[in-house]
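In: This is a predicted model, with the sequence first.
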Amino acid sequence: MSNVAIVTGGTRGIGAAISTALQDAGYTVAATYAGNVEKAEAFKAETGIHVYKWDVADAKACQDGVNQVVSDLGAVEVLVNNAGITRDGWFHKMDYEQWSAVVRTNLDSMFTMTRPVIDGMRERGHGRIINISSINGQKGQLGQTNYSAAKAGVIGFTKALAQENARKGVTVNCICPGYIDTDMVAAVPEKVLEGIIAGIPVGRLGKAEEIAAAVRYLASKDAGFMTGAVLTINGGQYYAN
Ligand code: NDP
């Protein structure tokens, strides 16, 4: 097996923790990013992880990007669909661009990134696809109809794709993180964040490493009997699939 893993949005936040956890586990990691070159280059210098820039919402860019990774590093054994954005606002004030940007980046990316790797995984009889959804895709969150819809879509996608590929040695699972201490959560106004933390039974935000540890398990050979699963990692804030 090639031991190559692609982590989208793998240069900062949860994705960076996933990239380094997979590197520690022996994978050759390709971490992608959208445009923050400075951050990506710093991450590359610090970790030695290969970085690639393309937009996960652009189907052709994804196909070209995957081709480049395969040519540079080898066949893709693990895909972590982690890249995501928020464009919050109440629905009655939301414009189509806010809706569309979030759905394209968080949900269309499931197609644009997974389609280029699935044939090879099926042919080789082994693959791991790990999708990052969200607690807000499970419970819904006011101000995030776009994000909640896209992240709920990730859960449905995961369960359906898991069934299609179960006999081919390809597992497909998803993780629903609760509130994790990253730039995305730093953008939440302080007062709102205080209220959120008060509602988390463990009394703190999660750490990116706590999500990465679960990805590392799902990527491993040990996780071959787990597919179509939704892992809830949220400090006890919400319990449902
Ligand atoms: P960050 O905002 O910290 O990082 C996002 C990463 O995704 C960056 O590397 C960014 O690249 C990349 N990215 C964004 N848009 C695109 C795009 N169009 N094409 C390619 N890459 C893109 O996010 P988090 O680490 O907080 O979140 C990671 C995932 O976890 C997301 O899917 C998010 O929805 C989900 N999540 C996060 C939670 C949290 O509390 N933080 C909770 C639940 C789920 P660049 O650096 O170039 O901008």
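Out: That came through fine. On a predicted model such as this, the values are computed, not experimentally measured, just so you know.

In: At the contact with the ligand, which residues of the chain appear?
Out: By Cβ under 6 Å from any ligand atom, the residues of the chain that approach the ligand are 8-9, 11-15, 32-36, 39, 55-57, 82-85, 105, 132, 134, 177, 179-180, 182-185. Quick note: C-beta positions are derived from backbone N, CA and C, even for glycine.

In: Narrow those residues to those in helices?
Out: Residues of these located in helices (DSSP state H): 13-15, 39, 183-185.

In: Check these and tell me the two furthest apart.
Out: 39 and 185 (16.6 Å; Cβ to Cβ).

In: Wait, residue 207 touches residue 181, no?
Out: Yes - with contacts counted by Cβ atoms under 8 Å, residue 207 reaches residue 181, the gap being 6.2 Å.

In: can you tell me the helix or strand for the nearest residue to residue 87 once chain neighbours are set aside?
Out: Distance criterion Cβ to Cβ, 6 or more residues apart in numbering; nearest residue to residue 87, sequence neighbours excluded, is residue 98 at 4.2 Å. According to DSSP states H and E, residue 98 maps onto helix 96-103.

In: Grab the most central residue of the chain for me.
Out: Per Cα atoms, centre = their mean, the C-alpha nearest to the average position across the chain is that of residue 82, at 1.7 Å.

In: got the residue ranges for the strands in the protein?
Out: With strands called from DSSP state E, the chain shows them at 4-7, 28-33, 50-53, 76-81, 127-132, 170-177, 230-233.

In: Taking strand 127-132 as reference, get the angle to the longest helix along the chain.
Out: Looking across the chain with DSSP H, the single longest helix is helix 145-165. Interaxial angle, helix 145-165 versus strand 127-132 (axes from the mean of the first three to the mean of the last three Cα atoms, to 10 degrees): 160 degrees.

In: And for the nearest residue to residue 136 once chain neighbours are set aside, the neighbour number?
Out: Excluding its sequence neighbours, the residue lying closest to residue 136 (Cβ to Cβ, 6+ apart) is residue 148, at 5.0 Å. Other residues near residue 148 number 20, with proximity taken as other Cβ atoms under 10 Å.

In: just the one 4 residues further on next, same as before
Out: For residue 152, the count of nearby residues is 19 (other Cβ under 10 Å).

In: check contacts around it.
Out: Residue 152 sits next to 133, 137-138 when contact means Cβ atoms under 8 Å, 6 or more residues apart in numbering.
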